[in-house]
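[1] Below: sequence and its predicted model.
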Amino acid sequence: MPRVESETIAWIGYEERGKTLFVRFREGQLCSYDAVPKALYTAFMRAESKADFFETRVQDHFVWRRLPDDDGEESSGETQSSGSTL
């Protein structure tokens, strides 16, 4: 997964078949976001501020899931897309 320059995000990945965005935060959490258009992933990777892009275009716009850490804990969110992703 491509590492990025950000104070809060370590890397960003995307799985085209499932349209799943993966974000690893510097604090260690790995989260997946469902039904993310590839164009949004591309824009995310090109964004000057990854944290600002995440906060305004990803967070609270997609159903998400915290993937299990080494301790096996996970959580999920029920946030759904507002319909406008770009």
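    Here it is on my side, so go on.
[2] Work out the sheet partners of the helix or strand containing Val23 and label each with its direction, please.
    Element membership for Val23 (DSSP states H and E) is strand 20-25. Paired with strand 20-25 in the same sheet, following DSSP bridges, are strand 9-15 (antiparallel), strand 30-33 (antiparallel).
[3] Out of the ones you listed, flag the one nearest Arg57.
    Proximity to Arg57, assessed across the strands paired with strand 20-25 by C-beta to C-beta, is greatest for strand 30-33 (10.6 Å). Backbone N, C-alpha and C define where each C-beta goes, glycine included.
[4] can you give me the helices in this protein?
    38-46, 50-53 (DSSP state H).
[5] Quick one: list the elements packing against the last one.
    Applying 3 or more C-beta pairs under 8 Å, 6 or more residues apart in numbering; DSSP states H and E, one finds that helix 50-53 contacts strand 9-15, helix 38-46.
[6] right, and Pro2 touches Ile9 too?
    No. Contact criterion C-beta atoms under 8 Å: Pro2 and Ile9 do not qualify, at 10.8 Å.
[7] Pick the most buried one from the helices of the chain.
    Mean neighbour count (mean count of other C-beta atoms under 10 Å) peaks for helix 50-53 among the helices of the chain, with a mean of 18.
[8] now that helix, how far from the chain's geometric center?
    In terms of C-alpha atoms, centre = their mean, to the nearest Å, the centre of helix 50-53 is found 10 Å from the chain centre.
[9] Looking only at neighbour counts, state which of Pro2 and Ile9 leads.
    A direct count of neighbours by other C-beta atoms under 10 Å for Pro2 and Ile9 places Ile9 higher, at 19 against 8.
[10] who wins for proximity to Phe22 among the helices of the chain?
    helix 38-46 (9.7 Å).
[11] Residues touching stretch 16-34, excluding its own?
    1, 6-15, 35-38, 40-41, 44, 54, 58, 62-67, 69 (C-beta atoms under 8 Å, 6 or more residues apart in numbering).
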